[in-house]
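Novice: Just a sequence and a predicted model for now, questions to come.
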Amino acid sequence: MTATPLLSELTTRARAAAHAQTPGCPCGATRTLTDRPDGTVVRHADTVAKAHAPDTHPTDLTTRLTTAEHLPGILLPPLAPTPLTLHDRLVTFWPYGTPVDPDDPDAAPWEAAATLLARLHRTPAPTHLPPMRGPLKALRAITRLRAACPHPAAAPVLHAWTLLPAWARAEAPQPDTTTLCHGDLHLGQLVRYPAPDGPWLLIDVDDLGAGVPGWDLARPAAWYACGLLPPDEWTRFLSAYRAAGGPAVPADGDPWPALDVPARTLTVQTAALAIVKAVAADRPLDEVEQAVVDACARMGSVPPELASGFAK
């Protein structure tokens, strides 16, 4: 496959940035880690270059980079506080960190993720930081679902979407405008830095902003509610978050009233994207994808804020 002009120049810039950081760079091959319309990431030695989504706002991204730069023990700090522009895309540079091993689920750093989130949530959101972008990404997933070819699984997902409050559908401001949130927390957003075995840090500032902290717990909460995350792993995550003083849920007792709406929204988002991908590949939904669609179908009959979770 022929590299696009963006990918070719991003590769060149990553190599140059690596050489500037490490004069004795071993100069191995430059690897493409991700190449999607919403983000292209390449690595050369210990430097990573990322071309952000085409609609990324330069002022918002710069503010997010500055925030990451000032929280080095929580967020991976960028190599430079301002992005550059390549082929109409904003580009940032980062040190390389060792990601979570997807082939070793027993080593998933749930406690580290929860502790980092709690520390992030206890940090006051900087002035002028834009809103956390989680609800906007959920809305975009629904927009993509509506634009896809008709699919029998779409109806319960779209119905579940209508039951969510306006803020979760990005139609109204979030009820919390002061808490610093990651906005897209999953295990792929953690790396060890310095590589290979430094402490865990959060990466990806694209959705960082002020908002409802429960959103950052929503994906594991939704997986647990859908039966996709074992109860012991959910307990490890929730207990570590509480032990670190995380403000998204009460210190003890039922956490679900604070997590129900975000978890429902992430389930709808996940189901919508699953259907879009299945339609594009002309294949049936797999078992996991069907599970989140089924959870959406149950949402209409299960009252909000159920202690045991909406999909149980």
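Specialist: It's in.

Novice: nearest residue to residue 289 other than its sequence neighbours?
Specialist: residue 274 (3.8 Å; C-beta to C-beta, 6 or more residues apart in numbering). Where C-beta positions appear, they are placed from N, C-alpha and C, glycine not excepted.

Novice: Report the secondary structure element holding that neighbour.
Specialist: When elements are assigned from DSSP states H and E, residue 274 belongs to helix 256-281.

Novice: now swap in residue 33 and tell me
Specialist: strand 31-36.

Novice: which one is the residue nearest to the spatial centre of the chain nearest to, not counting chain neighbours?
Specialist: Closest residue to the average C-alpha location of the chain: residue 184 at 2.2 Å, with C-alpha atoms, centre = their mean. Closest residue to residue 184 apart from its sequence neighbours, by C-beta to C-beta, 6+ apart: residue 207 at 4.4 Å.

Novice: a helix runs through that neighbour, doesn't it?
Specialist: No - going by DSSP: H, G, I helix; E, B strand; the rest coil, the assignment for residue 207 is coil, not a helix.

Novice: and it, how many residues sit next to it?
Specialist: 23 (other C-beta atoms under 10 Å).

Novice: quick revisit: CA atoms only for the strand holding residue 33 - export them in CSV, please.
Specialist: Provided in CSV are the C-alpha atoms of strand 31-36 (Å, rounded to 0.1, in the frame of the first residue of the first chain):
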residue,chain,number,x,y,z
ARG,A,31,6.3,2.0,12.6
THR,A,32,2.8,3.1,11.9
LEU,A,33,0.8,2.4,15.1
THR,A,34,-2.5,3.7,13.9
ASP,A,35,-3.8,5.1,10.5
ARG,A,36,-7.4,6.1,10.7
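
Novice: Packing partners of the next helix or strand after it?
Specialist: Using DSSP H and E, the next helix or strand after strand 31-36 towards the C-terminus is strand 39-44. Packing partners of strand 39-44 (3 or more C-beta pairs under 8 Å, 6 or more residues apart in numbering; DSSP states H and E): helix 5-21, strand 31-36, strand 47-52.
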